[in-house]
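Asker: predicted model follows, preceded by the sequence.
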Amino acid sequence: MGADADLSEPVSHADEVRAERDARLARLRYPEGWLSLVGLEWLHAGENRMGADPDADVVLRGRDAPPFAGSIEVGDGSVRFVPAPRADVTLDGRLVTGPLELEDDLDERPTTLAIGSLRFHLIRRTDQLAIRVRDRQAETLASFPGLEYFPIDPSWRVTARFEPTPNRSIAVPDVIGLVEAQPAPGIIRFERDGNELRLDALEGPDQRLWLIFGDATNGDSTYGGGRFLYSEPPDGDRVVVDFNLAYNPPCVFTPYATCPLPWPENRLPIGVAAGEKGYALH
């Protein structure tokens, strides 16, 4: 056989799904992933005291949290962190010694501060602000047993019809009771077991579509709040949607997430026995 012979074999659909699941698991086990969340504290105008003191406005949980770490000051159009004297708060490994303006998570790089194993940053949901806290040594991260899945089923990799809806937006609810308008570039339509089904699609990265959907398995074998899924980029009026890659929203793993929920049009009347199963918090 010549030296230039191609010995590679085509990657199967099952191999592709397993590779995506392995990558998903690695992201969850990342020390600052969703499993490391230990706090979500909403801010009010003015001074918000931060620390391990249970009476603080922003309570820090973790063995490295001091009684008082500083304050988050919310003013007109600005949010800044003011460290307490001798507080060991760092930014990119450097000690924070004075007031610091905070970028929220709508920025590509929110300002992330550290106290020992704790990490915290500002998040913005509509017109509300909060501090999200992670602990690289969180028990939820250390005790994570992994994920359960339905068997890989090629029939759930569907080629759907894509109907563009330019300049359209959808009011998307979330678990904390907020509603936010999201760009909705199209509708996907497909058939399953004689049922004509449709889902509104939101914008995803790299021209992919983001699907937030519910189905008849929710509250039984899957999370009651639905699941997420990214499609491939549409090709004309067709788009490939692989429900074997459906995954749980962060709220399955932590009470400190602000997950969007499927709206009525995105609740399928059938069960989707594909992708991630539910997860019980330990």
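Answerer: Good, I have the coordinates. Every value quoted in this text rests on a predicted model; they were computed, and no experiment measured them. Residues are numbered from 1 along each chain as shown.
Asker: the lowest-mean-pLDDT helix or strand in the chain: which residues count as buried?
Answerer: Every helix and strand of the chain was ranked by mean pLDDT, DSSP states H and E. The lowest is helix 139-142, at a mean of 92. Buried residues in helix 139-142, counting neighbours by 16 or more other Cβ atoms under 10 Å, are found at T140, L141. In this view, the C-beta of every residue, glycine as well, is placed from N, C-alpha and C.
Asker: any idea of the mean pLDDT for whatever helix or strand comes next after that helix?
Answerer: Going down the chain from helix 139-142, the next helix or strand is strand 157-164, by DSSP states H and E. Here strand 157-164 scores 98 as its mean pLDDT.
Asker: try stretch 75-86
Answerer: 93.
Asker: over to stretch 27-37?
Answerer: Mean predicted confidence for stretch 27-37 is 95.
Asker: doesn't P183 make contact with P166?
Answerer: No: the criterion here is Cβ atoms under 8 Å, and P166 misses it with P183 at 9.7 Å.
Asker: out of those two, which sits in the busier spot?
Answerer: P183 (13 against 8; other Cβ atoms under 10 Å).
Asker: what's the angle from whichever helix in the chain runs longest to strand 157-164?
Answerer: Counting residues, the longest helix found in the chain (DSSP state H) is helix 13-28. Angle of helix 13-28 versus strand 157-164, following axes from the mean of the first three to the mean of the last three Cα atoms, to 10 degrees, is 70 degrees.
Asker: so what are the sheet partners of the very next helix or strand once past helix 13-28 and their directions?
Answerer: Using DSSP H and E, the helix or strand that follows helix 13-28 towards the C-terminus is strand 37-42. When pairing is defined by DSSP bridges, strand 37-42 lines up against strand 128-135 (antiparallel).
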